[in-house]
Structure formats: structure tokens, C-alpha cells
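Student: here's my sequence, what's the structure:
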Amino acid sequence: MKRGFFIVAELSGPSRDAVLEVQRWADPKLAKDTTPHITLVGSSGVGPIPPDTPVDQLRDELTCAALETSPFILKFGRPLRFMQTDIVVLPLDPHGALRALHERIAGRRLRFERARFAFSPHCTLSFFTTLTPDAERRLLRVRVDEPVTIDRVQCYLTVEPVGGRRILDIPLGGAA
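Tutor: Numbering: from 1, shown residues only. Next comes the predicted model:
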């Protein structure tokens with residue numbers, strides 16, 4: 001388990017409610033331990049920011065990246081299961097505004113641990129549970145058609161893969 005700062009975009013509105021409803025039946029521990037979100041920094045593209053990073057530095061660097069980014073809207077793809085795992089996610093297009101925000105953060109004067117995976121943005125539906133064939137089929141039929149508005153980012157001090165303590169909540173440029 002890695003300890004450090006993770007940067008996420010928490011879901012809000014109808015898409016959050018739809019994802020949370022699925023998480024509650026598919027993976028109650030995940031639903032209890034975390035808010036539905038998209039991880040921008042920590043698990044893919046760049047690893048977590050070391051926990052000894054001063055919070056003032058995090059705030060300054062993330063605020064600069066956020067001010068350069070206007071709020072944007074995303075659509076979830078069809079669920080997919082990561083190979084050889086019981087992890088099922090709703091993928092997002094890794095290009096466009098989402099990638100630009102990820103790269104703005106990754107390009108700031110912050111240290112990052114090594115990433116385990118290429119940038120693959122998603123929202124996790126199932127992480128801790130062992131899926132039965134019926135549960136897997138049910139999860140793979142899920143559709144979240146409501147768009148996702150990304151208008152702020154949050155910074156958590158955490159021990160991955162879930163949980164943690166919110167340290168910062170920063171609006172994107174133009175967001176209230």
C-alpha cells in the first residue's frame with residue numbers, strides 16, 4: 001500500500017448518485033470508504049505525491065493548475081473489468097480536457113512517486129468484492145448516462161486504494 005497525496009475529481013449530481021447506488025450493491029466496502037470519484041494523480045500516469053510534501057506547496061501548485069482549467073463535462077463509457085481482477089470500472093476518454101488537467105498537475109513543481117499504470121481515467125464500481133458470474137454480468141450491463149461535470153479537484157492524504165482525509169478542495173478556473 002502506498003501512502004501519499006492523491007488528487008481526485010469527486011462526482012456530483014445525478015452521475016454521483018447513480019455510481020453510488022451501483023457501488024452500494026456491488027461493493028459495500030468501497031461505497032462506505034470513499035466518495036465516487038475519478039483519480040487524476042496517484043494510481044495512473046503519475047504516482048502519489050509523497051506525504052512529506054508541505055500542504056502550502058500542494059495548495060499553491062494545484063491552484064495554479066486549476067486556474068488554468070475551465071470546468072468541463074465528460075461521459076462514462078461502458079463498464080469494463082480489468083483483466084485478471086474483480087475490479088470493474090466506468091472508463092473515461094483519456095484525451096481532451098481530462099488529460100490536459102492531468103498533465104497540468106503532473107507538470108507542476110511537485111514530486112511524484114512512480115506510477116504503476118499509464119493514465120487510464122475511470123470511476124471504480126467494484127474493487128474489494130469477489131465477483132460471481134451473475135454479479136459480473138450485472139455490473140457489465142450498468143450504464144451511467146448522466147454526464148459528469150468536473151469543476152473542482154480534491155486532494156486526499158491517503159493509504160491507497162481508498163479512504164483517506166481530504167486536505168484540499170480547489171475549484172477549477174471559473175467555478176464558484
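Student: what about residue 86, how many residues nearby?
Tutor: Residue 86 is flanked by 18 other residues according to other CB atoms under 10 Å. In short, each C-beta sits where N, CA and C put it, glycine included.
Student: A strand includes it, no?
Tutor: No - counting by DSSP: H, G, I helix; E, B strand; the rest coil, residue 86 is located in no strand; its state is coil.
Student: how much space between the nearest residue to it once chain neighbours are set aside and residue 27?
Tutor: Nearest non-adjacent residue to residue 86, counting by CB to CB, 6 or more residues apart in numbering: residue 131, 4.5 Å away. To residue 27, residue 131 is 9 Å away according to CB to CB, to the nearest Å.
Student: repeat that for residue 108.
Tutor: Distance of residue 108 to residue 27, computed by CB to CB: 32 Å.
Student: ditto for residue 6
Tutor: From residue 6 to residue 27 the distance is 19 Å (CB to CB).
Student: where do the strands of this protein begin and end?
Tutor: 3-10, 37-41, 72-74, 80-81, 88-91, 122-126, 148-150, 152-159, 165-171 (DSSP state E).
Student: wait, which of these is closest to residue 55?
Tutor: Evaluated with CB to CB, these place strand 165-171 nearest to residue 55, the distance being 6.0 Å.
Student: strand partners (parallel or antiparallel) of the closest one?
Tutor: strand 152-159 (antiparallel) (DSSP bridges).
Student: give me the angle between the strand it pairs with and strand 37-41.
Tutor: Here strand 152-159 points in a direction 80 degrees away from that of strand 37-41 (axes from the mean of the first three to the mean of the last three CA atoms, to 10 degrees).
Student: can you give me the mean pLDDT across strand 152-159?
Tutor: Strand 152-159 shows an average pLDDT of 90 in the prediction.
Student: hmm, who's touching it?
Tutor: For strand 152-159, contacts defined as CB atoms under 8 Å, 6 or more residues apart in numbering pick out 1-10, 37, 40, 42, 48, 51, 58, 62, 66, 101, 105, 164-172, 175.
Student: of those, buried ones?
Tutor: 2, 4-10, 37, 40, 42, 48, 58, 62, 66, 101, 105, 164, 167-168, 170, 172 (16 or more other CB atoms under 10 Å).
Student: CSV for the strands of the chain, including distance to residue 97?
Tutor: Shown next, in CSV, are these (distance: least, CB to CB, whole Å):
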stretch, distance to residue 97
strand 3-10, 11
strand 37-41, 12
strand 72-74, 4
strand 80-81, 22
strand 88-91, 16
strand 122-126, 16
strand 148-150, 8
strand 152-159, 13
strand 165-171, 15
